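Q: With the sequence up front, the predicted model follows.
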Amino acid sequence: MDTKILRNISYGVYLVSSNSDSKDAGCVINTLTQITSENPLVSISLNKENYTNEIIKESHKFIVAIINEKINPNIISTFGFTSSKDTDKFKDFKYDIVGNIKVINEGVCGYLVCEVVNIIDANTHDVIIAKVVDTKKYNDEKEMTYRYYHEVIKGKAPKKAPTYEEVEEPKTTGKYKYVCDLCGYVLETDEELSDDFICPLCGADRSHFIKQ
Ligand SMILES: Cc1cc2nc3c(=O)[nH]c(=O)nc-3n(C[C@H](O)[C@H](O)[C@H](O)COP(=O)(O)O)c2cc1C
């Protein structure tokens, strides 16, 4: 089966966060869908290995913030390529606390407060259906689409994203070896990295590339 047509499915880009027992978690997703309009229901698809999924299953609530085009790309690389299990993802960014859930308030249009009503097992992922119980709008900035994330931010989706596609590996021999400390991307090259180099996997800037 040729899966190329799947690339024509459109999505937005979101930050989902939750809290259980003083444990904060949050990650980037592209799989938010509105299911009903009256007493709105939404769904998200979360990889079973993501810590955010574990925390949502404990707390039965989460917040989804709608990312806008003005977001600092480091927020996407931190929330999309590291795990809340071993990182405080919120520490370098501005956030509000709603109930007990932290929600990033820079580079987002606003957020939906959600209560889980059902979880459907979908192999590697769980599809979580939730009732929207509150909302907040911060601004009228343009919401980021998945296409914008790929074409303008030059971002990629990691392995745990439902829309993951293999990235072409860089050449395997070279004078210098660099590793991205956010997503682990390895680059071997004969040239020193330039200051404007951007990680092809997670979009992190040059400062995240550590020479081995
Ligand atoms: C653009 C983008 C879209 C993503 N979409 C999803 C998604 O829909 N579902 C998912 O489970 N992970 C998705 N991910 C991957 C998670 O954000 C990533 O695995 C994260 O490190 C999980 O963090 P956690 O362990 O703190 O939950 C996406 C990542 C990016 C960068």
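A: Arrived safely.
Q: What values do phi and psi take at residue 75?
A: Backbone geometry at residue 75, expressed as degrees, to the nearest 10, gives phi -70, psi -40.
Q: Got the confidence number for it?
A: Here the pLDDT value assigned to residue 75 is 93.
Q: Any regions of the protein where pLDDT drops low?
A: Residue ranges of the chain with pLDDT under 70: 167-172.
Q: So the closest residue to the ligand within it: helix, strand or coil?
A: Shortest the chain-to-the ligand distance, computed as Cβ to the nearest ligand atom: residue-wise this is residue 80, at 2.8 Å. (C-beta placed from N, C-alpha, C; glycine too.) The assignment at residue 80 comes out as helix when based on DSSP: H, G, I helix; E, B strand; the rest coil.
Q: How much space separates it from residue 66?
A: To residue 66, residue 80 is 15 Å away according to Cβ to Cβ, to the nearest Å.
Q: Contact partners for the residue of the chain closest to the ligand?
A: Applying Cβ atoms under 8 Å, 6 or more residues apart in numbering, we find residue 80 in contact with 27, 28, 155, 157, 158, 161, 202.
Q: where's stretch 90-104 relative to the chain centroid, distance-wise?
A: Using Cα atoms, centre = their mean, to the nearest Å, the distance from the centre of stretch 90-104 to the centre of the chain it belongs to is 15 Å.
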